[in-house]
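1. Sequence unavailable; structure follows:
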């Protein structure tokens, strides 16, 4: 059975929320997101995982075809945010952990 992005996200978010300093709330706009020390590090947007990573790491993921640069709807891709589709969900947990470590 195919799981929705929300079903994939929920156990990842729950696991992160058990870590010190991680809180839930909105990411950009009303998107469900995770914060560490008040800073957004991961969120679910339009059925894709969006994570904050260093620009060179985002470049790596984009070059590998795993992600694309996130556009918050302003017509301008953000250099330090990667959008990862559900088709690459096997990478989601590790990318969320990586983003939390970097942002935190």
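-> Done, it's in. Just so it is clear, the model here is predicted, and its values are computed rather than measured.
2. Next SSE downstream of the one helix or strand in the chain whose mean pLDDT sits lowest?
-> In the chain, the helix or strand scored least confidently by mean pLDDT, DSSP states H and E is strand 22-26, which has a mean of 89. The element immediately downstream of strand 22-26 (helix or strand, assigned by DSSP states H and E) is strand 32-36.
3. Tell me the first helix or strand C-terminal of the strand of greatest length in the chain.
-> Counting by DSSP state E, the longest strand found in the chain is strand 39-45. Moving toward the C-terminus from strand 39-45, the next helix or strand (DSSP H and E) is strand 48-52.
4. What angle do strand 39-45 and that following strand make with each other?
-> Calculated by axes from the mean of the first three to the mean of the last three CA atoms, to 10 degrees, strand 48-52 forms an angle of 170 degrees with strand 39-45.
5. what sits up against whichever helix or strand comes after strand 48-52?
-> Downstream of strand 48-52, the first helix or strand assigned by DSSP H and E is helix 55-63. Helix 55-63 is contacted from outside by 53, 67, 68, 69, 79, 80, 81, 82, 84, 98, using CB atoms under 8 Å, 6 or more residues apart in numbering. Every C-beta, even on glycine, is put in place using the N, C-alpha and C of the backbone.
6. Stretch 69-81 too?
-> Contacts to stretch 69-81, defined as CB under 8 Å, 6+ apart, come from residues 28-29, 45, 50-55, 58, 62, 68, 82-83.
7. Please report which of the residues you listed has the highest neighbour count.
-> residue 51 (29 neighbours; other CB atoms under 10 Å).
8. Show the contacting residues for it.
-> 41, 42, 81, 82, 84, 95, 96, 98, 99.
9. What is the nearest of those residues to residue 24?
-> residue 42 (10.5 Å; CB to CB).
10. can you list the weak-confidence ranges in this protein?
-> Along the chain, the parts satisfying pLDDT under 70 run over 1.
11. Going by neighbour count, which residues of stretch 23-38 are buried?
-> Neighbour counts over stretch 23-38 (16 or more other CB atoms under 10 Å) mark 27, 32, 33, 34, 35, 36 as buried.
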